[in-house]
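**Q** next come a sequence and a model predicted from it.
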Amino acid sequence: MRSPGPRGLGRRGAAAWRRRASAEPVALIHQDWVGERIGRLTGALTKFRNAPGALTACLLGAIVVQAVLVAFYAAIVHSMSIPASAWHLAVIVPISFVVQMARCR
């Protein structure tokens with residue numbers, strides 16, 4: 001059964017219809033998984049909306065952690081006399097962690 005289009009639903013109704021329509025193919029395959037993930041995401045976004053300072057603190061904490069890791073690898077590169085600048089490491093190190101996390105899945 002096809003759902004009606006967004007015509008006549010207003011802005012909020014059209015946005016909700018688009019979200020539902022975009023999740024339908026995945027929901028057909030993994031119904032429980034999709035519902036659980038959407039619920040968790042909605043809950044997290046609600047918590048951050050109620051405490052915007054927490055989101056800022058998380059962002060700043062993540063930046064500090066990345067800076068510490070880049071400094072650590074910069075010290076290793078310097079000790080091994082490898083010609084690489086800190087700016088290059090600031091790009092390479094976070095990307096390498098993303099690649100490592102993707103391989104673990």
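**A** Noted; the coordinates are in hand. Numbering: from 1, shown residues only.
**Q** is Arg103 in a helix, a strand, or coil?
**A** helix (DSSP: H, G, I helix; E, B strand; the rest coil).
**Q** repeat for Ala54
**A** Ala54 - assigned by three-state DSSP - is helix.
**Q** grab the nearest non-local neighbour of it.
**A** Nearest residue to Ala54 in three dimensions, chain neighbours excluded: Phe48, at 6.3 Å (C-beta to C-beta, 6 or more residues apart in numbering). (Each C-beta comes from the backbone N, C-alpha and C, glycine too.)
**Q** separation between that neighbour and Thr56?
**A** Per C-beta to C-beta, to the nearest Å, Phe48 is found 10 Å from Thr56.
**Q** okay, now the closest residue to Ala86 other than its chain neighbours: neighbour count?
**A** Leaving aside its sequence neighbours, Ala86 sits nearest to Ala74 (C-beta to C-beta, 6+ apart; 5.0 Å). For Ala74, the neighbour count with other C-beta atoms under 10 Å is 17.
**Q** show me what the helix or strand hosting Ala74 is packed against.
**A** When elements are assigned from DSSP states H and E, Ala74 belongs to helix 52-79. Identification of packing neighbours for helix 52-79 by 3 or more C-beta pairs under 8 Å, 6 or more residues apart in numbering; DSSP states H and E yields helix 31-50, helix 86-104.
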